[in-house]
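**Student:** Mind folding the following:
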Amino acid sequence: MGLIGGGGNGFIGKVHTTAATLDREAVLVAGALSSDPKRSRESALAMGIAPDRAYGSFHELISSEKSRSAGDRIDFISIATPNHTHREIACAALEAGFHVVCDKPMTITTADADAMLSAVRNSDCVFALTHNYSGYPLVRQARELIANGELGEVIAIRTNYVQGWMHGMNPGESPARGAWKSDPNKNGPAGSLGDVGTHAFHLLQFITGMNPSKVLSHMRSYSPHHELDDYGHAILHFTQGATGLVTWSQVSHGRLNDLSIEVDGTKASLAWRQEEPNQLLLRALGQPTKIYERNPNADYTLPTAVAACRLPGGHPEAFFEAFANVYRDAFSDMRRIMQGEKWDSGSALYPSVNDGADGVRFMQRCLASVKADGGWQAW
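**Tutor:** The predicted structure follows:
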């Protein structure tokens, strides 16, 4: 494993490393962890990387690792850098023959997304995007329940990702961690929409399989230190006939990481919350609420949910394990490629470059709708 970005006090680099190595299928052996060469090398050494593989830049990492023998070089690169750098790093890694696991959002412009799509298609490499909430066992249970018709026809979906941490800062102050998220040149034009709104949108698509036909959005910035959006909504119409509502906020007092989804069908509805991830609720008119517990040994637990579990029921599994499931699923395809077997990213559970492109399109359609004073935008 080679890690690019995420050094120093960065949160997400440590998450990627923990998730990738949780099942002992990967080892961190190379890194370029900062845009500052000195800090990059120092951070890599602090994470236990050998001096000769502690690099000053991602260019140096990719070039040096590519020159190593097949049995010695890294197999994949994890990208934990600011959004505006994802395209350049990912395309360089893919061209050099390395698999890629990239943090979300995949990138910030449609042109960059198209370039990444092309790079993946022209390679024989895995590209996984860490929309990690798709890795929770009961999220995968919900996906199977819907696919099996337990809800009937899906008619409405509501997803929310609500935080409140921006109220903890003073006017004009940048975040202590991730200051680049306040800079539209590095973060892109979508603030909280890109940070947490894309997670909510991907969760909706992953669970329901719905394809948008048009989008209407409203968003604002309420935080005095932040010029990008920190609160917003999007209404979606889907080609299958359903309606969706996505809400994102980082200015809701007292909220931490409240990601949730509710899906209404003609026969029943379901609900799941990330802060209570080991329970999934199924409701039907006139019937008691059915609570699915995360339990791989229960007869009601469906195959993809069982495969996503590591512990017996009653022992909580959450964020790191879900993140690790994205890696574990991607590793399965990496092994297939190494062994010369056929593989199809379209059938994979891990979020792919196509999901990333959809996330970029979602951001762009929302921004276009706001610019048009709330007008509908065709998907």
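
**Student:** Just the strands from the stretch 201-350 of the chain, written as ranges.
**Tutor:** 212-220, 231-238, 243-249, 258-265, 269-273, 279-283, 290-293 (DSSP state E, counting those that start in this stretch).

**Student:** Would you mind measuring from Asn185 to Arg121?
**Tutor:** 29 Å (C-beta to C-beta, to the nearest Å). Bear in mind the C-beta positions are built from the backbone N, C-alpha and C, glycine included.

**Student:** which residues of the stretch 51-200 of the chain score low on pLDDT?
**Tutor:** Applying pLDDT under 70 to the stretch 51-200 of the chain picks out residues 169-182.

**Student:** what about the helices in it?
**Tutor:** In the stretch 51-200 of the chain, the segments counted as helices under DSSP state H, counting those that start in this stretch are 58-67, 86-95, 110-121, 137-147, 184-187, 192, 198-208.

**Student:** Now render those helices as JSON lines, adding distance to Pro224 and mean neighbour count.
**Tutor:** Formatted as JSON lines, these follow (distance: least, C-beta to C-beta, whole Å; neighbours: other C-beta atoms under 10 Å):
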{"stretch": "helix 58-67", "distance to Pro224": "35", "mean neighbour count": "18"}
{"stretch": "helix 86-95", "distance to Pro224": "29", "mean neighbour count": "22"}
{"stretch": "helix 110-121", "distance to Pro224": "30", "mean neighbour count": "18"}
{"stretch": "helix 137-147", "distance to Pro224": "36", "mean neighbour count": "22"}
{"stretch": "helix 184-187", "distance to Pro224": "16", "mean neighbour count": "15"}
{"stretch": "helix 192", "distance to Pro224": "15", "mean neighbour count": "26"}
{"stretch": "helix 198-208", "distance to Pro224": "24", "mean neighbour count": "25"}
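
**Student:** ok so, going back, now the strands of the stretch 201-350 of the chain in TSV, please, with extra columns for distance to Ala92.
**Tutor:** Shown next, in TSV, are the strands of the stretch 201-350 of the chain (distance: least, C-beta to C-beta, whole Å):
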stretch	distance to Ala92
strand 212-220	31
strand 231-238	33
strand 243-249	31
strand 258-265	32
strand 269-273	37
strand 279-283	41
strand 290-293	43
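
**Student:** Please identify which of the ones you listed is closest to Val353.
**Tutor:** strand 212-220 (18.0 Å; C-beta to C-beta).

**Student:** tell me what that closest one is packed against?
**Tutor:** Of the remaining helices and strands, those touching strand 212-220 by 3 or more C-beta pairs under 8 Å, 6 or more residues apart in numbering; DSSP states H and E are strand 231-238, helix 353-371, strand 377-378.

**Student:** want to throw these into CSV with mean neighbour count, distance to Pro312 and mean pLDDT?
**Tutor:** Formatted as CSV, the helices and strands packed on strand 212-220 follow (neighbours: other C-beta atoms under 10 Å; distance: least, C-beta to C-beta, whole Å; pLDDT from 0 to 100):
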stretch, mean neighbour count, distance to Pro312, mean pLDDT
strand 231-238, 21, 37, 98
helix 353-371, 22, 31, 98
strand 377-378, 14, 47, 98
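
**Student:** The ones you listed: which one's closest to Glu60?
**Tutor:** helix 353-371 (25.2 Å).
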